[in-house]
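Peer 1: Have a look at this prediction, sequence included:
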Amino acid sequence: MQNTTSQRYIYLDNAATVRPFDSVNLAYNDAEQYSWYNSSALYTPSIEILDKIEKTREFVANNLGVLSSEIFFVSGATEANNWIAQRAVKNKNGNIVYSCVEHPSVINAIKSTTCSCVQVDITKDGDLDWEDFLSKLNSQTSLVSIAHVCGNTGTVNDIHKVVQMVKKTSPKAVVHSDGVQAWCKWDYSLRDLGVDAYTVSAHKIGGKKGLGILYAKKSLSLTPLLYGGKHESGKRAGTLNNANILSLVNAINEYKKLDISHYFNLQQLAISKLSKLDVKIIKGSLPHIFMVCFGGKRAEILQRVFCDNGVIVGTGSACSSKDKTNSVLQSRGLEEYYLNGAIRISLGPHNSLQDLEQACDIMLKVVDNV
Amino acid sequence: MSNNTIIIRYGEIHLKGKNRGVFEKKLINNIKYSLVDITCKLVVDRGRYRIVDYDINHQNQIVEKLSKVYGIHSISIGLISKSDIDSLSIACINGFGGGSFKVETNRADKSYPLTSYQVSAQVGAKILNSCKDSIVDIHNPKHIFYIDIRSNDYSLVYTQIVKGQGGLPYGTAGRGLLLLSGGIDSPVAGYKISKRGLQLVAVHFWSYPYTSVQAKQKVEKLTLILSNYCPDISLYIVNSTNLQQAIKQYCDDEYIITILRRCMLKIAKQLTIKLNLDCIITGESLGQVASQTLDSLNVSNNAIVDIPILRPLISMDKQEIIEIAKEIDTYQTSILPYEDCCTVFMPKKPIIHPTRDRAILNENKIPNLNELIDEAVNQTLQTTNQKIVKQLN
């Protein structure tokens, strides 16, 4: 059967996953066909593959502004976040500070440790509540994990400032940032941000699912989460997924082709069209992700009806869309009348202006049926 | 030929008189159907059936399947033996690792030269002699050897009695329409009533897009689980969206649920007639929620008078229902978070003591209620119903 999913729908849930680029699929299929050897074996084809993998690691390291020895390929962002929570915390009596916009793979991973976990609120504007943040740091703080970009609203957290504050008050603390929704959306260097650890994921930029990357600063003492063979400098056992890794460079290059102004144009179009309705828009400084909150509607019903009419949108962050309430939106002071009807629009490299215009027209047309 | 056998005893059928044959025949068919994908043979004795000629690796699987067949009182895994003391002793000793034990003998064949007690004593002595670390304890033994002397030629020896479902063979008590919501109660209601032999057809009221595709899939899954007990159960999906919208639009807020339930029963009644069924089954339990008070049940009942509504859970506590749901494996599916009725259609405060007059008054406010009901029924019957019957090899 012909897979028509991506053809039939206008897909506006790119924060959940981005359709793999054609060039990524080509590179992937090529690798599956020809570069399927075990990359840790010692014969020629394996050596050649490992060489390509190391070149990819080098490429990713350059992209993030760090050393290639600080880049680890893992199964996904969830593993990377768990790894940090479980294995980077040395002071078991200290506290772990995280923000209320974190992904469940951060929150649930740190809650599984013996440390006490304290949550930092956000302000009504969506920024980190710096006063609250500072009050929760102390000299015994062992880990701070703050997402680079909020997966609901596109708000960018000032990670540089986070690092500065933590280093002053809690010199022993490890600073981690989940950069899944930030990666490749603009240029930044992890060295400049100053974080000790950083998580990204391939499928959020049009790469393949099942590949995450953890940056761990050289000086960070990180023990393995998974034991086994000596892969990844002995830090992460498991045969590498050649095809996922070898198709990653294509994803990075393709994703970065589009300038951020393209996304600003798309966002502006959507907001100007949808504002004709009884909606509240919650957005941050990054145009890729924003919430449209329909007054007096139910988000999951809107989602079904929009989908039936050819437009896919999100409700909250897809991984946590089963949670009943959206704490980020509550923190931003949204009243219940709008809260229940909050859908997430997240834009991706495959969305054109025409797509968005058509999607908004469809939403405008069918919203009254709900 | 192996001498392994699985012994099946039936329960309540014993009480049947002249029509016992009807029940036995159905039970035999149901047993054969449950084991259709396993190579084995069913031997029919009077009041007792046995499975023979099976691969020993399938033994537990056979017991598992039989333990879900209604009408079976208990099941034992045993050995076929000759009836002399030596053969019986060997059958007992086979696989016995020692410990405290006793022997219980029953003679169906009264012409057997020894009494039951004598058989137990003699076999017991042989076990004691040949197994180190064994000791007789007739009050609190770790192992009981049951010897069933059927004739001079053959006996059955077994050690364990697995409880069966009990009840009456599926399909001996007529056919009913089960209202399946997707919650905890209705699958249990279906289980309880089908255990009395009632054959089931299930119906689910679905209000897409107000309830999700997952909510429908959940009910399909529950039907599949029920098919372990009710092999031929099928599921009809009624699209109730238009109906629910009309009720929401025209009726008093507090009467929304009352009217919806009356309409569901009216639809169920039509389906019952058209599908040639005999009754309607619901999972209601007295006083559990506002729509299950005596007044609410009364007002629902009034919507259809000439078809019996069976409520097997009427006197059960929620906890008792949950325990059965866990036993029959529907619980984990039932508690999946997909609503069977959208909160959009929930009144802020549902009425606890509705009256028939106000219900009818409210129904009359909906201009095209009868058409909506007919439309729902016709649509349901036009869509091919999904037979949730296990794939047969």
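Peer 2: The structure has been received and is ready for your questions.

Peer 1: In the longest helix seen in chain A, which residues are buried?
Peer 2: In chain A, with assignment by DSSP state H, the single longest helix is helix A:44-64. Buried residues in helix A:44-64, counted by 16 or more other C-beta atoms under 10 Å in any protein chain shown: A:46, A:49, A:50, A:52, A:53, A:56, A:57, A:59, A:60, A:61, A:63, A:64. Heads up, the C-betas are built off the backbone N, CA and C, glycines and all.

Peer 1: Out of the residues you listed, flag the one nearest to chain B.
Peer 2: Closest approach between those and chain B, by C-beta to the nearest C-beta: residue A:60, at 37.2 Å.

Peer 1: What score does the residue in the stretch 151-300 of chain B that chain A sits nearest to have for pLDDT?
Peer 2: Taking C-beta to the nearest C-beta, chain A has its nearest neighbour within the stretch 151-300 of chain B at residue B:209, 3.8 Å off. pLDDT for residue B:209: 91.

Peer 1: if I look at it, how far off is residue B:245?
Peer 2: Using C-beta to C-beta, to the nearest Å, one obtains 11 Å as the distance from residue B:209 to residue B:245.

Peer 1: okay, these two: which has more neighbours?
Peer 2: Neighbour count, other C-beta atoms under 10 Å in any protein chain shown: between residue B:209 and residue B:245, residue B:209 has more, with 20 against 15.

Peer 1: List the contacts of the closest residue to that one other than its chain neighbours.
Peer 2: Of all residues not flanking residue B:209 in the chain, residue A:304 sits nearest, at 3.8 Å (C-beta to C-beta, 6 or more residues apart in numbering or on different chains). Contacts for residue A:304 (C-beta atoms under 8 Å, 6 or more residues apart in numbering or on different chains) come out as B:208, B:209, B:212, B:213.

Peer 1: Same check on residue B:182?
Peer 2: With C-beta under 8 Å, 6+ apart, residue B:182 has these contacts: B:204, B:215, B:218, B:219, B:222, B:334, B:338, B:340.

Peer 1: Which one of these is nearest to residue B:153?
Peer 2: Proximity of these to residue B:153 was ranked by C-beta to C-beta; the top entry is residue B:222 with 48.1 Å.

Peer 1: So for the longest helix along chain B, mean pLDDT?
Peer 2: When chain B is parsed with DSSP H, its longest helix is helix B:256-274. Average pLDDT, helix B:256-274: 96.

Peer 1: neighbouring contacts of stretch A:263-273?
Peer 2: Residues from elsewhere that reach stretch A:263-273, judged by C-beta under 8 Å, 6+ apart: A:281, A:283, A:286-288, A:290, A:292, A:345, A:347, A:351, A:353, A:356-357, A:359-361, A:364.

Peer 1: before we move on, back to that, and the helix or strand following the longest helix of chain B, how far out from the chain's middle?
Peer 2: Downstream of helix B:256-274, the first helix or strand assigned by DSSP states H and E is strand B:279-281. Distance of strand B:279-281 from its chain centroid, counting by C-alpha atoms, centre = their mean, to the nearest Å, is 16 Å.

Peer 1: Wasn't the residue nearest to residue B:209 part of a helix?
Peer 2: Yes: secondary structure of residue A:304 (DSSP: H, G, I helix; E, B strand; the rest coil): part of a helix.

Peer 1: So which bits of the stretch 251-370 of chain A are right by chain B?
Peer 2: With C-beta under 8 Å from any C-beta of the partner chain as the criterion, the stretch 251-370 of chain A meets chain B at residues A:298, A:300, A:301, A:304, A:305, A:308, A:322, A:370.

Peer 1: Now do the contacts for the fifth one.
Peer 2: This points to residue A:305. A:366, A:367, A:369, A:370, B:209.

Peer 1: Just give me the neighbour total for the closest residue to residue B:310 other than its chain neighbours.
Peer 2: In space, and not counting its chain neighbours, residue B:310 is closest to residue B:281: 4.8 Å by C-beta to C-beta, 6+ apart. Residue B:281: 28 surrounding residues under other C-beta under 10 Å.

Peer 1: does residue B:281 really touch residue B:198, like I thought?
Peer 2: Yes: counting by C-beta atoms under 8 Å, residue B:198 is a contact partner of residue B:281 at 7.5 Å.

Peer 1: where do the contact lists of those two overlap?
Peer 2: By C-beta under 8 Å, 6+ apart, the residues touching both residue B:281 and residue B:198 are B:176, B:310.

Peer 1: so what are the domain limits for chain A?
Peer 2: Here the domain parsing of chain A from automatic domain parsing is A:5-19+A:258-369, A:22-255.

Peer 1: hey, least reliable of those domains by pLDDT?
Peer 2: Of all the domains of chain A, mean pLDDT reaches its minimum on domain A:5-19+A:258-369 (a mean of 89).

Peer 1: how far does that domain sit from the chain's center?
Peer 2: Offset of domain A:5-19+A:258-369 from its chain centre (C-alpha atoms, centre = their mean): 17 Å.

Peer 1: sorry, back to before: give me the subset of the contacts of residue B:182 that lies in strands.
Peer 2: residue B:204 (DSSP state E).

Peer 1: Neighbours of residue 351, how many?
Peer 2: With no chain named, the answer covers chain A. Here the count is done by other C-beta under 10 Å, and residue A:351 has 22 residues near it.

Peer 1: switch to chain B, that's the one I care about
Peer 2: 22.

Peer 1: Same question for residue A:327.
Peer 2: 16.

Peer 1: what does residue B:169 give?
Peer 2: Residues near residue B:169, counting by other C-beta under 10 Å, number 24.

Peer 1: One more: residue B:348?
Peer 2: Residue B:348 has 7 nearby residues by other C-beta under 10 Å.

Peer 1: and it, what pLDDT?
Peer 2: pLDDT at residue B:348 comes out at 89.

Peer 1: Contact partners for the residue lying closest to it once chain neighbours are set aside?
Peer 2: Excluding the flanking residues, the one nearest residue B:348 by C-beta to C-beta, 6+ apart is residue B:253, at 6.3 Å. Residues in contact with residue B:253 (C-beta under 8 Å, 6+ apart) are B:347, B:348, B:349.

Peer 1: Against chain A, how distant is the second one?
Peer 2: This means residue B:348. 14 Å (C-beta to the nearest C-beta, to the nearest Å).

Peer 1: so where's the stretch 51-200 of chain B uncertain?
Peer 2: Within the stretch 51-200 of chain B, no range satisfies pLDDT under 70.

Peer 1: mind listing the strands in it by residue range?
Peer 2: Assigned by DSSP state E, counting those that start in this stretch, the stretch 51-200 of chain B shows strands spanning B:72-81, B:99-107, B:134-136, B:143-149, B:155-158, B:162-163, B:175-179, B:199-206.
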